[in-house]
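*Asks:* Turn this into a structure:
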Amino acid sequence: MKSQNKSLTRTLTAAALTLAFATMSAQAQAQEAQPAAEAVPDNQITYNVAVVSDYRYRGISQTRLQPAVQGGVDYVNNPTGVYIGAWATNIKWIKDGGGDASYEFDLYAGKRGQITDTVAYDVGALYYAYPSNSLPTNANTFELYAQVSAGPFSVKYSHSTSNLFGTADSKNSGYLDGQFNYDVYDGFVLNLHAGHQKVKNNSAVSYSDYKVGVTKDFGVFSVAVAAVKTNTDAYVGRNGKNLGKSGAVVTISKTF
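*Replies:* Residues are numbered from 1 along each chain as shown. All right, here's what the predicted structure looks like:
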């Protein structure tokens, strides 16, 4: 019996060692097969294009409730978080106001980073240019902005150091907005937004806006569908329609 026990012990020990070595080998092969995380370059340039059914900015249609084609380019230095960018779109609101500009060009620069492991910041400046807009008060606008975000929540404040979008005596206007963006299921991101535009010395055109939407990245392109609403009827297009009316906006975009 003692001889049989020793034989059985040697067999079990050998089997255990064989299983251990096999497990270690399988784990090593799995680690080798797993692709290494792609390193983020120090300097990165990305491009973006989009088609929207209605270009809404802060809830107000910029295209008389009609579609727009948009595109831009961004550069970021990842180690520092410093970025610059440019963006363009077609518009119609300048002509609605009696001017003569069909395009908007935006230039911006800023810096983003972490305050803590869970709280991030983004500060910068944005210049909205409307070439040859010919409005009585120049539509070109310069704003400074600051944003703080934590998880799916973010709060942003934008402050104009010029007159705001062609409104006379509106320097030092401010826009405060909050956003909530959360992946609710399989890449479908819920988008909630509420904002308030205070137009300095022009309370009649100050207003609030709201948005509820969903975004999904399909890889080849992203699709966003949103319901937008404002509480103002002070913005009217040449066609007599309220540019802040409730409506649906569909966006198809691609970043590469």
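*Asks:* From now on I want contacts and neighbour counts done on CA atoms only, so please keep to that.
*Replies:* Fine.
*Asks:* Verify the stated contact: Ala248 with Val214.
*Replies:* No - between Ala248 and Val214 there is no contact under Cα atoms under 8 Å: 11.6 Å.
*Asks:* Looking at these two, which has the bigger crowd around it?
*Replies:* Val214 (20 against 16; other Cα atoms under 10 Å).
*Asks:* Please name the nearest non-neighbouring residue to the more buried one.
*Replies:* Leu190 (4.7 Å; Cα to Cα, 6 or more residues apart in numbering).
*Asks:* Was I right to think the one you found contacts Val184?
*Replies:* Yes - the pair Leu190 / Val184 is scored as a contact, 6.4 Å apart, by Cα under 8 Å.
*Asks:* Run through the helices of this structure in chain order.
*Replies:* Ranges of helices in the chain, per DSSP state H, are 2-33, 93-96.
*Asks:* among those, which gets the worst mean confidence?
*Replies:* Of all the helices of the chain, the minimum mean pLDDT falls on helix 2-33 (a mean of 43).
*Asks:* For the residue most central in space within the chain, give me its contacts.
*Replies:* Most central in the chain under Cα atoms, centre = their mean is Asn181, positioned 9.8 Å from the mean C-alpha point. Listed by Cα atoms under 8 Å, 6 or more residues apart in numbering, the contact set of Asn181 reads 152-153, 189-192.
*Asks:* again with Tyr145
*Replies:* 123-126, 156-159.
*Asks:* again, only using 6 Å
*Replies:* Tyr145 sits next to 123-124, 157-158 when contact means Cα atoms under 6 Å, 6 or more residues apart in numbering.
*Asks:* hey, what's it bridged with?
*Replies:* In this entry, Tyr145 is beta-bridged to Gly124, Ser158, by DSSP bridges.
*Asks:* What distance do you get for it to Asp177?
*Replies:* According to Cα to Cα, to the nearest Å, Tyr145 and Asp177 sit 11 Å apart.
*Asks:* How about Asp106?
*Replies:* Applying Cα to Cα, the value for Asp106 to Asp177 is 20 Å.
*Asks:* now do Ala129
*Replies:* Between Ala129 and Asp177 the computed distance is 22 Å (Cα to Cα).
*Asks:* Phe188 and Ile252, how far apart?
*Replies:* Where Ile252 is concerned, Phe188 sits at a distance of 15 Å (Cα to Cα).
*Asks:* now swap in Thr89 and tell me
*Replies:* In terms of Cα to Cα, Thr89 sits 14 Å off from Ile252.
*Asks:* The stretch 151-256 of the chain: strands as residue ranges?
*Replies:* 153-160, 174-185, 188-198, 207-217, 222-230, 247-255 (DSSP state E, counting those that start in this stretch).
*Asks:* Pipe these into JSON lines and attach mean pLDDT and distance to Gly98 per row.
*Replies:* Formatted as JSON lines, the strands of the stretch 151-256 of the chain follow (pLDDT from 0 to 100; distance: least, Cα to Cα, whole Å):
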{"stretch": "strand 153-160", "mean pLDDT": "98", "distance to Gly98": "23"}
{"stretch": "strand 174-185", "mean pLDDT": "98", "distance to Gly98": "25"}
{"stretch": "strand 188-198", "mean pLDDT": "98", "distance to Gly98": "23"}
{"stretch": "strand 207-217", "mean pLDDT": "98", "distance to Gly98": "22"}
{"stretch": "strand 222-230", "mean pLDDT": "98", "distance to Gly98": "23"}
{"stretch": "strand 247-255", "mean pLDDT": "98", "distance to Gly98": "25"}
